[in-house]
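[1] quick one, what's the 3D model for this:
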Amino acid sequence: MLPSVNIKCYTNREKSCALSVALCEREKPQFSSYIIYCIASGTCCHLRRTVFTRISFEQAGAEPVRGGLEDEDILQEGMRGCSDVFHLAAKGVGWGSYEDYYRVNVEGTEHVLTAARAATVPRLVYVSTEAVLAGAGPIVNADETLPRTSHPAGYYGLTKGLAEERVLAANSSKLTTVVVRPRFVWGNGMSALPQLVQMTRSGTFRWIDGGRYLTSTCHVANACEGMLLAAERGCGGETYFLTDGPPIEFRCFIAMLLQTQGLQPGEQSIPSWLARAVAWSGEWAWRILRLKGEPPLTRENVVLIGEEVTVNDARARCELGYIGKVSREEGLAGMSLIESSLSTLEQAQM
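    Numbering: from 1, shown residues only. Take a look at the predicted model:
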């Protein structure tokens, strides 16, 4: 079975249109609510933390339609009458079998496309990832013309790339399909922050090569801005990168994220060759010995956070009118403490 999702229907009073969004339930509730709020209201401005941390799906403007990615009838029901579909649900970077990744990311996307056609939805925006390029060395100022790697670093990037193929091939006069690729989506509710906090507090956090390499980033509000613009102005069958603007040193950005939690990441670092060796041996042990849980590090993790990953969003800025309205400074200023999220994570690991 595919993981259950929420298919959400919205009414945007300003534009008199309906939107349908598929969201994986593993997403942080606050993060998902923010995406829903931005899409439903058409507002991509940064929310104040006192409002944002209390917002629910319903308050964000959503009407839940319970189901799963394998349930085409339920998907169709959630999409009926909608002007746009935003497909976000996915099995993300982490651990699992190829079959699991393929079933969720590829077959799930095929079900969404089938339902969208049956519901006669005119436009579909698929939220993909720069991970489709990862595996052939550092990604440096890549634009949409760079082909996907023939040797993906992991099943996430591989299956998201295969899903992209399905989405772009589905573009037609009846269903316009567009792909967006936000890099390193961050903000309140980001799933990686509680893990970073826990590792920092436990003294297990390590930089890879000191973290002295560049990365592109995309605040969740900017990702939503790009998604809305892609639905409104995107060219069918095209792909658009989304970022916060110029890249930033990875070490600097992670340090600033941790500083919002009152923490300093420290100086301990391991060389990239050792990180790759640890990832490879961990993956081998988990697969051969069928260990529970996830290995501490995967090769895909190393590629996505252990070397330069910078992308160029000039096409989105030119063709869509994308701006990236929330600066890193504004986004960081609005980050709230995550004590409750961390407590939940720690309890789950006991």
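[2] unless I'm mixing things up, residue 265 is touching residue 256, no?
    No. If you go by CB atoms under 8 Å, residue 265 and residue 256 don't touch, sitting 10.0 Å apart. In this view, the C-beta of every residue, glycine as well, is placed from N, C-alpha and C.
[3] tell me which of these two has more neighbours.
    residue 265 (19 against 16; other CB atoms under 10 Å).
[4] look up how far residue 276 lies from the more buried one.
    Separation of residue 265 from residue 276 (CB to CB, to the nearest Å): 21 Å.
[5] now do the contacts for residue 162.
    Counting by CB atoms under 8 Å, 6 or more residues apart in numbering, residue 162 touches 102, 105, 106.
[6] now the strands for the stretch 151-300 of the chain?
    176-182, 185-186, 207-208, 214-215, 218-219, 239-242, 248-249, 269-270 (DSSP state E, counting those that start in this stretch).
[7] closest to residue 322 out of the ones you listed?
    Residue 322 sits nearest to strand 239-242 of all the strands of the stretch 151-300 of the chain, at 6.8 Å, using CB to CB.
[8] helices along the protein, start to end?
    Assigned by DSSP state H, the chain shows helices spanning 29-41, 49-52, 72-79, 98-101, 108-118, 155-169, 192-202, 220-233, 250-259, 272-289, 299-305, 314-315, 328-333, 339-348.
[9] out of the ones you listed, which is closest to residue 141?
    Residue 141 lies closest to helix 314-315 among the helices of the chain, at 10.0 Å (CB to CB).
[10] need the residues that contact the closest one.
    Identification of contacts with helix 314-315 by CB under 8 Å, 6+ apart yields 143, 144, 238, 240, 241.
[11] what are the bridge partners for the residue nearest to the third one when sequence neighbours are not counted, then?
    For residue 238, the nearest residue in space outside its immediate sequence neighbours is residue 178; the separation is 6.1 Å by CB to CB, 6 or more residues apart in numbering. Here residue 178 sits in beta bridges with residue 125, going by DSSP bridges.
[12] residue 178 reaches residue 233, doesn't it?
    No. Contact criterion CB under 8 Å: residue 178 and residue 233 do not qualify, at 9.2 Å.
[13] more neighbours: which of the two?
    Of the pair residue 178 and residue 233, residue 178 is the one with more neighbours under other CB under 10 Å, namely 25 against 13.
[14] how much space separates residue 130 from residue 168?
    Residue 130 is 16 Å from residue 168, by CB to CB.
[15] ditto for residue 153
    Noted for residue 153: a distance of 22 Å to residue 168, by CB to CB.
[16] out of these two, which sits in the busier spot?
    Comparing residue 153 with residue 168 by other CB under 10 Å, the one with more neighbours is residue 153, at 22 against 16.
[17] which residues touch residue 300?
    Residues counted as contacts of residue 300 (CB under 8 Å, 6+ apart) are 93, 131, 134, 153, 154, 155, 156, 157.
[18] whoops, residue 205 was the one
    By CB under 8 Å, 6+ apart, the neighbours of residue 205 are 196, 199, 265, 266, 268.
[19] and for residue 159?
    Counting by CB under 8 Å, 6+ apart, residue 159 touches 91, 98, 101, 102, 104, 105, 106.
[20] same question, residue 129
    If a contact means CB under 8 Å, 6+ apart, then residue 129 has 156, 157, 160, 181, 182, 183 as its contacts.
[21] residue contacts, the residue nearest in space to the middle of the chain?
    For the chain, the residue nearest the mean C-alpha position is residue 185 (5.8 Å; CA atoms, centre = their mean). Applying CB under 8 Å, 6+ apart, we find residue 185 in contact with 218, 219, 220, 223.
[22] what about 7 Å?
    Each residue near residue 185 by CB atoms under 7 Å, 6 or more residues apart in numbering is listed here: 218, 220, 223.
[23] tell me, how many residues neighbour the second one?
    Pointing back at residue 220 there. By other CB under 10 Å, neighbour count at residue 220 equals 25.
[24] nearest residue to it other than its sequence neighbours?
    Closest to residue 220 by CB to CB, 6+ apart is residue 187, at 3.8 Å.
[25] swap in the first one?
    Nearest non-adjacent residue to residue 218, counting by CB to CB, 6+ apart: residue 182, 3.9 Å away.
[26] list the beta-bridge partners for the one you found.
    With DSSP bridges as the rule, residue 182 is bridged to residue 242.
[27] isn't it right next to residue 223, touching?
    Yes. With contact defined as CB atoms under 7 Å, residue 182 reaches residue 223; the gap is 4.1 Å.
[28] what's the mean pLDDT across stretch 310-318?
    Averaged over stretch 310-318, pLDDT sits at 98.
[29] that stretch: how far from the chain's middle?
    Between the mean C-alpha location of stretch 310-318 and the chain-wide mean there is a distance of 17 Å, by CA atoms, centre = their mean, to the nearest Å.
[30] same question, stretch 117-130
    16 Å.
[31] got the CA coordinates for that stretch in CSV?
    Extracted C-alpha coordinates of stretch 117-130, given in CSV (Å, rounded to 0.1, in the frame of the first residue of the first chain):
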residue,chain,number,x,y,z
ARG,A,117,-7.1,13.6,-16.7
ALA,A,118,-10.3,11.9,-15.6
ALA,A,119,-11.3,14.9,-13.5
THR,A,120,-10.6,17.2,-16.5
VAL,A,121,-8.2,19.4,-14.5
PRO,A,122,-6.5,21.7,-17.0
ARG,A,123,-3.1,22.2,-15.2
LEU,A,124,-0.8,20.1,-13.0
VAL,A,125,2.4,21.2,-11.3
TYR,A,126,4.7,18.5,-10.1
VAL,A,127,7.2,19.4,-7.3
SER,A,128,10.4,17.6,-8.0
THR,A,129,14.0,18.0,-6.8
GLU,A,130,17.6,18.8,-7.8
